[in-house]
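*Asks:* below is the sequence, then the predicted model.
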Amino acid sequence: MHRLTLALFAPVATLLSAQQPERATFVMLRGADTVVVERSTRTPTRLEGELLVPSSATKVAFGAALTPAGLMTSFQSSLSLGGATAPATTVTLSFQGDSVIANAAGQLLRIRAGAGALPYASPSLALLEQALIRAKAIGGPSATIPFFFLAGGATVPVTITWLGADSATLDMANVVMRLAVSPSGRLLGGAVPSQGARIVRGMPTGQLTVQRPDYTAPPGAPYTAQDVTIKTSQGLTLAGTLTIPKNARGRLPAVVTITGSGIQDRDEGIPTIGPYKPFQQLADTLSRRGIAVLRLDDRGIGGSDAGPPGATSADFAGDIRAGIAYLRRRSDIDPDRIALVGHSEGGLIAPMVAAADPRVRAIVVMAGPSQTGRQILEYQNRYSVDSMARMTGPKRDSLIASIPHALDSVSAANPWMRFFMEHDPLATARAVHTPVLILQGATDRQVSADQANVLAAAFRAGGNRDVTVRVFPETNHLFVADPSGNPTGYAALPSKQVRSEVLGAIADWLTAHF
């Protein structure tokens with residue numbers, strides 16, 4: 001839910017044309033931190049690129065066939081996460097009329113994107129450059145181009161306004177970039193004032209290398225951090241980190257964390273918004289309070305196997321059960337004092353696990369839904385149209401009316417989406433009798449704050465007498481301080497840290513229930 005993602009990526013295997021290539025390196029910086037490094041090779045008929053997000057060891061490779069008008073007829077890409085050597089997700093896109101035909105893992109999906117749409121893999125700068133080239137081809141003082149986002153499959157109008165012969169603004173969902181542009185539309189540099197970021201173009205040097213994230217305990221921490229691997233009932237290997245308090249007397253209570261939607265590493269980081277690693281913060285907080293914490297890489301990221309395509313939340317619940325089983329076999333963990341902390345989709349999965357395993361001691365649901373996925377996605381899409389795309393009038397009404405059909409199309413071709421759209425969290429909640437703590441941000445624009453009390457009522461309706469709800473003011477879906485909660489503003493927030501009040505509430509409640 002904080003990163004609802006269609007798996008829209010695929011291997012690049014097309015050779016460059018024989019024409020003389022134009023090579024460039026783009027770097028986006030935020031202060032002294034490198035947000036992204038990207039290498040591109042361009043000819044009149046072909047664009048190849050490779051970008052690296054250092055903070056998460058995320059690498060995207062892509063290739064596209066170009067037209068003289070700056071459009072793309074096809075696009076292929078691969079996504080590798082957390083230092084994994086094999087791609088986690090792959091896709092080939094074909095642009096036909098006003099639609100995009102996506103081929104992901106052999107499944108075909110037709111998505112309406114609008115005529116002249118360009119693909120966008122955030123935070124690619126080479127693909128932003130392609131939009132500038134397209135705007136030059138369209139002509140006029142400004143041009144609006146549909147951007148088809150690979151993460152989520154949504155289409156967002158991007159407006160490029162020329163300020164002179166050598167500069168332009170690019171407005172993407174209310175995020176405005178100021179760009180230096182060559183006469184041929186090449187991106188020379190720029191800035192994203194709202195995010196405190198700047199863009200630099202240079203010549204290629206060296207290789208784009210991926211380094212494994214550091215999951216070790218900080219210096220002087222009163223706990224150790226062990227690399228672990230577990231086997232699931234499906235035979236998959238999952239990699240993770242277990243933090244264990246030092247000098248424990250007796251067997252320890254433990255927590256298993258559960259990430260939100262999309263493929264995420266054990267820290268549940270979102271590299272495009274900055275240093276957001278909520279489960280790293282949580283593990284540090286709880287292990288300083290005497291609680292062991294197991295956090296796992298999702299399937300297909302870091303050291304975890306990708307598994308077969310078509311996995312759903314029910315399959316991911318099985319992965320968490322494997323984590324619980326692993327902890328119960330350890331001599332230093334109390335098998336009857338194991339709790340779950342799930343965020344977003346993880347807040348949907350935690351009750352599924354607890355309903356089937358009454359030995360689970362307690363669960364913490366962070367921004368977990370009370371609604372079906374269909375209701376949530378309809379809400380998110382309406383919010384995007386009204387608050388991010390800023391559409392009004394008949395165009396807005398037409399787009400809103402098209403949402404149900406678009407969701408049906410995605411659901412038909414994507415097993416994860418189909419399960420998410422149909423699953424009823426309230427029915428599951430009524431079957432859970434373990435203690436529950438529900439946490440919600442008041443400015444959450446992805447899982448609306450009103451769902452917390454509805455979910456609590458369902459737990460209580462099933463006879464659960466230990467249900468607590470905490471709603472934190474000016475707190476977004478990520479549990480970061482945010483008076484607006486608009487997802488497009490996440491990267492510009494002054495802090496990317498989970499609020500201390502939230503971490504404290506979890507630690508206090510779990511300590512009492514352990």
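*Replies:* Received the coordinates, thanks.
*Asks:* residues contacting residue 51?
*Replies:* Listed by Cβ atoms under 8 Å, 6 or more residues apart in numbering, the contact set of residue 51 reads 36-39, 59-60, 121, 123-126, 208. To be clear about C-beta, it is placed using only N, CA and C from the backbone, and glycine gets the same treatment.
*Asks:* make JSON lines out of the residues you listed and add pLDDT, secondary structure and neighbour count.
*Replies:* Listed next are the contacts of residue 51 as JSON lines, based on pLDDT from 0 to 100; DSSP: H, G, I helix; E, B strand; the rest coil; neighbours: other Cβ atoms under 10 Å:
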{"residue": "36", "pLDDT": "87", "secondary structure": "strand", "neighbour count": "24"}
{"residue": "37", "pLDDT": "90", "secondary structure": "strand", "neighbour count": "19"}
{"residue": "38", "pLDDT": "91", "secondary structure": "strand", "neighbour count": "24"}
{"residue": "39", "pLDDT": "90", "secondary structure": "strand", "neighbour count": "20"}
{"residue": "59", "pLDDT": "84", "secondary structure": "strand", "neighbour count": "21"}
{"residue": "60", "pLDDT": "87", "secondary structure": "strand", "neighbour count": "25"}
{"residue": "121", "pLDDT": "85", "secondary structure": "coil", "neighbour count": "20"}
{"residue": "123", "pLDDT": "85", "secondary structure": "coil", "neighbour count": "23"}
{"residue": "124", "pLDDT": "90", "secondary structure": "coil", "neighbour count": "23"}
{"residue": "125", "pLDDT": "93", "secondary structure": "helix", "neighbour count": "26"}
{"residue": "126", "pLDDT": "93", "secondary structure": "helix", "neighbour count": "23"}
{"residue": "208", "pLDDT": "53", "secondary structure": "coil", "neighbour count": "15"}
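*Asks:* out of those, who's nearest residue 161?
*Replies:* The closest of the contacts of residue 51 to residue 161 turns out to be residue 125 (Cβ to Cβ; 18.6 Å).
*Asks:* wait, isn't that closest one in contact with residue 188?
*Replies:* No - Residue 125 lies out of contact with residue 188 (Cβ atoms under 8 Å); the separation is 11.1 Å.
*Asks:* any regions of this protein where pLDDT drops low?
*Replies:* 1-20, 82-88, 105-107, 152, 203-211, 271-272, 388-391, 410, 413 (pLDDT under 70).
*Asks:* right, and the helix or strand after whichever helix in the chain runs longest?
*Replies:* As assigned by DSSP state H, the longest helix anywhere in the chain is helix 393-413. Following helix 393-413 in sequence order, the next helix or strand is helix 415-422 (DSSP states H and E).
*Asks:* for whatever helix or strand comes next after that following helix, packing partners?
*Replies:* With elements assigned by DSSP H and E, the helix or strand that comes after helix 415-422 is helix 425-429. In this structure, helix 425-429 makes packing contacts with helix 345-356, helix 451-461, judged by 3 or more Cβ pairs under 8 Å, 6 or more residues apart in numbering; DSSP states H and E.
*Asks:* format those helices as TSV; extra columns: mean neighbour count.
*Replies:* Supplementary listing: the helices and strands packed on helix 425-429 in TSV, determined by neighbours: other Cβ atoms under 10 Å:
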stretch	mean neighbour count
helix 345-356	26
helix 451-461	19
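*Asks:* could I get those helices in TSV, plus columns for distance to residue 235?
*Replies:* Output for the helices and strands packed on helix 425-429, formatted as TSV (distance: least, Cβ to Cβ, whole Å):
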stretch	distance to residue 235
helix 345-356	19
helix 451-461	34
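*Asks:* just to be sure, residue 306 is in a strand?
*Replies:* No - the assignment for residue 306 (DSSP: H, G, I helix; E, B strand; the rest coil) gives coil, which keeps it out of a strand.
*Asks:* and the chain, what are its domains?
*Replies:* With automatic domain parsing as the criterion, the domains of the chain are listed as 22-202, 225-371+424-513, 373-422.
*Asks:* so which of the ones you listed gets nearest residue 217?
*Replies:* domain 225-371+424-513 (4.1 Å).
*Asks:* in stretch 69-79, what counts as buried?
*Replies:* Buried residues in stretch 69-79, counted by 16 or more other Cβ atoms under 10 Å: 70-72, 74-79.
*Asks:* no, scratch that, I was asking about stretch 369-376
*Replies:* Buried-residue list, stretch 369-376, by 16+ other Cβ under 10 Å: 369-374, 376.
*Asks:* how far does it sit from the chain's center?
*Replies:* On the basis of Cα atoms, centre = their mean, to the nearest Å, stretch 369-376 sits 18 Å off its chain's mean C-alpha point.
*Asks:* wait, what's in contact with residue 224?
*Replies:* Applying Cβ under 8 Å, 6+ apart, the residues contacting residue 224 are 217, 243-244, 246.
*Asks:* keep only those of those that are in strands.
*Replies:* 243-244 (DSSP state E).
*Asks:* dump the contacts of residue 224 into JSON lines; add neighbour count and distance to residue 100 as well.
*Replies:* Output for those, formatted as JSON lines (neighbours: other Cβ atoms under 10 Å; distance: Cβ to Cβ, whole Å):
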{"residue": "217", "neighbour count": "18", "distance to residue 100": "45"}
{"residue": "243", "neighbour count": "25", "distance to residue 100": "43"}
{"residue": "244", "neighbour count": "20", "distance to residue 100": "47"}
{"residue": "246", "neighbour count": "11", "distance to residue 100": "53"}
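*Asks:* how about the contacts of residue 224 in TSV, adding distance to residue 498?
*Replies:* Compiled in TSV, the contacts of residue 224 are given as follows (distance: Cβ to Cβ, whole Å):
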residue	distance to residue 498
217	18
243	16
244	22
246	24
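*Asks:* what is the nearest of the contacts of residue 224 to residue 291?
*Replies:* Nearest member of those to residue 291, counting by Cβ to Cβ, is residue 243, at 8.8 Å.
*Asks:* for stretch 90-109, buried residues please.
*Replies:* For stretch 90-109, by 16+ other Cβ under 10 Å, it's 90-95, 100, 102-104, 109.
*Asks:* among these, which are in strands?
*Replies:* Filtering the buried residues of stretch 90-109 for strands - DSSP E - leaves 90-95, 100, 102-104, 109.
*Asks:* hang on, the earlier thing: export the buried residues of stretch 369-376 as a markdown table, with columns for distance to residue 202 and secondary structure.
*Replies:* Shown next, in a markdown table, are these (distance: Cβ to Cβ, whole Å; DSSP: H, G, I helix; E, B strand; the rest coil):
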| residue | distance to residue 202 | secondary structure |
| --- | --- | --- |
| 369 | 44 | coil |
| 370 | 50 | coil |
| 371 | 47 | coil |
| 372 | 48 | coil |
| 373 | 43 | helix |
| 374 | 46 | helix |
| 376 | 42 | helix |
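*Asks:* in a markdown table, list those residues along with distance to residue 430.
*Replies:* Output for the buried residues of stretch 369-376, formatted as a markdown table (distance: Cβ to Cβ, whole Å):
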| residue | distance to residue 430 |
| --- | --- |
| 369 | 15 |
| 370 | 12 |
| 371 | 15 |
| 372 | 15 |
| 373 | 18 |
| 374 | 20 |
| 376 | 19 |
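*Asks:* now, among the residues you listed, which is nearest to residue 503?
*Replies:* For the buried residues of stretch 369-376, the nearest to residue 503 is residue 369 (22.0 Å; Cβ to Cβ).
*Asks:* OK, contacts around the closest one?
*Replies:* Residue 369 neighbours (Cβ under 8 Å, 6+ apart): 1, 347-348, 376, 425, 447, 451, 455.
*Asks:* again, only this time at 7 Å
*Replies:* 1, 347-348, 376, 425, 447, 451 (Cβ atoms under 7 Å, 6 or more residues apart in numbering).
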